[in-house]
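[1] build me a model:
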Amino acid sequence: MNFKLITTSLFTAAALMACDANTTDVNNQARPLTSAEVAQISGRARTELAPRLMGSIRALAPSQVLTDLDIDLSELPADQELVDVITPTMDAILGSIESETATEIVYRVPPEQVCAQDSGHPNADCLRVLTAHPVRFVATSHARDQVTLTAQFGTRRLSPLRLDLTADRVEADLDLAVWRDVVIEYGADMEIDASSIPADVEGVIHLAAGATDLAISSALGAHVGGTVEGESFMVAVGPMSLALDVDTAGHVAIGSVDIASIDIEAPLAWGAEEGATGQLALALHGLRGQFNYAALTDTLVVDDLSFGNAPATLSLDGVQQISFDMNAALGHQVDASFRYLRQEMEIAVSPSVEASLDLSMDRLAQQVDLEPWMINDSIRLRFDGATSPTVRVGGEAEMIGRVVSGTLVIGSMTIGADECFGVREDDAMLTSLADALMSFPCE
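    A predicted model of the protein is given here:
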């Protein structure tokens, strides 16, 4: 991954301001602002906030999960290297004042410097696009040692992004509908197919970050929908919030997630053989939980994990094909921990878990090749019998997992501690999941 390019994009804007905001104008009127103030504040941001935030991300580098996913956080730039990455682009922008009043400064991004390459010559495509469609940042201030940057794109000066920055914090609001308009304006010159741009985009995403914490939220949720090659799709997320705080010394990430609902609709043809017809719809009535991830032990602990207060469903053309519910008698939630062991994943629950999976996939089976036992079945799972029932999944190809403690009941099959379970290898016609599974002593 090109971390240097990613770093420049993320931190150039974030490092354009600085200092503790402590004297806010009660009338929210713009206060006097000078370019020298902006330069002084941005200097603190580039040397304090950005390196500390990057250091928090690097603190999770010991994670073996990330290593096995080929994500090496240790490659992220160190403090001075990060400053060296940010400085040229930031200085170029701060040195390009297009206009200035007592309370507002307009910076126009200089294409010839932003598009510079190692060869010493600017990238021709980049230069052409930014010359035809200028990018500006309008700086104002409503509190001492604080600056608001409003990004303006193109000839229409579209403003999808607003940044409020201090030396130790950055907050941003991204309007997805306006960002779509930006993509449309730039699209022709960037060879973006207009038909691939979603027609229906709504939502405002709010981001807040400090030296060790990050929060993402959307008060009203977000919605993206449109058509691709005549096929319609839609992704809708209800009101949501995600919070993350990193203990750099302990290499631990602590946070929470609260998403009111997730709805996804897409044509069956996208995931099936050519010629398949119909519209798939996934409905998840929430995703909630508080989590703690320890990078040194690759352990994720989730309290009050919930997928909403009603069953999650998958439908085809409005006809339900799959329904899943968990711990309906316990508020649809459970405490769980997940420990990555490379060859296995250890999962522990507290106090217990009961789940139901109902399959009614006759309509789907007409167009998708499914095993007979998958088409119509009602599967009940219960895992209890210990203070913290634990199972390890993975390992050998024919084995699904083994019970470490507690008792796992799947349909009519009961699996006790130190027993393994997997899928039968014979070719007999199986009509249910219970027929397909088998238990056996672990070696």
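[2] please count neighbours and contacts with C-alpha atoms only from this point.
    Will do.
[3] which residues in the stretch 151-300 of the chain form helices?
    176-187 (DSSP state H, counting those that start in this stretch).
[4] which SSE is Thr150 in?
    For Thr150, the host element (DSSP states H and E) is strand 147-153.
[5] so how far is that strand from its chain's centroid?
    Average the C-alpha atoms of strand 147-153, do the same for its chain, and the two points are 24 Å apart (Cα atoms, centre = their mean, to the nearest Å).
[6] list the buried ones in that strand?
    By 16 or more other Cα atoms under 10 Å, the buried positions in strand 147-153 come out as Val147, Thr148, Leu149, Thr150, Ala151, Gln152, Phe153.
[7] could you dump those residues into JSON lines with pLDDT and distance to Asp298 added?
    Listed next are those as JSON lines, based on pLDDT from 0 to 100; distance: Cα to Cα, whole Å:
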{"residue": "Val147", "pLDDT": "91", "distance to Asp298": "39"}
{"residue": "Thr148", "pLDDT": "91", "distance to Asp298": "39"}
{"residue": "Leu149", "pLDDT": "92", "distance to Asp298": "39"}
{"residue": "Thr150", "pLDDT": "95", "distance to Asp298": "40"}
{"residue": "Ala151", "pLDDT": "96", "distance to Asp298": "39"}
{"residue": "Gln152", "pLDDT": "97", "distance to Asp298": "42"}
{"residue": "Phe153", "pLDDT": "97", "distance to Asp298": "42"}
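[8] ok, which pair from these is furthest apart?
    Pairwise distances across the buried residues of strand 147-153 (Cα to Cα) peak at 19.2 Å, for the pair Val147 and Phe153.
[9] hmm, back to that, got the buried residues of strand 147-153 as TSV, with distance to Val83 columns?
    Shown next, in TSV, are the buried residues of strand 147-153 (distance: Cα to Cα, whole Å):
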residue	distance to Val83
Val147	20
Thr148	22
Leu149	20
Thr150	23
Ala151	22
Gln152	25
Phe153	26
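[10] part of a helix, is Ala417?
    No. Counting by DSSP: H, G, I helix; E, B strand; the rest coil, one finds Ala417 to be coil, located in no helix.
[11] could you check how far Pro351 is from Asp258?
    For Pro351, the distance to Asp258 equals 22 Å [Cα to Cα, to the nearest Å].
[12] looking at these two, which one has more neighbours?
    Asp258 (20 against 16; other Cα atoms under 10 Å).
[13] got the contact list for that one?
    With contacts defined as Cα atoms under 8 Å, 6 or more residues apart in numbering, Asp258 is in contact with Met240, Ser241, Leu242, Gly286, Leu287, Arg288, Gly289.
[14] neighbours around Ala219, how many?
    13.
[15] my guess is it contacts Val237. True?
    No. Using Cα atoms under 8 Å, Ala219 is not in contact with Val237, being 10.7 Å away.
[16] buried residues, stretch 334-345. List them.
    When neighbours are counted by 16+ other Cα under 10 Å, the buried residues of stretch 334-345 are found to be Val334, Asp335, Ala336, Ser337, Phe338, Arg339, Tyr340, Leu341, Glu344, Met345.
[17] now swap in stretch 378-396 and tell me
    Buried residues in stretch 378-396 (16+ other Cα under 10 Å): Ile379, Leu381, Arg382, Phe383, Asp384, Ser388, Pro389, Thr390, Val391, Arg392, Val393, Gly394.
[18] name the SS class of the first one, please.
    Okay, so that is Ile379. Secondary structure assignment for Ile379 (three-state DSSP): strand.
[19] residues in contact with it?
    Counting by Cα under 8 Å, 6+ apart, the residues that Ile379 touches are Ser356, Leu357, Asp358, Ile410, Gly411, Leu433.
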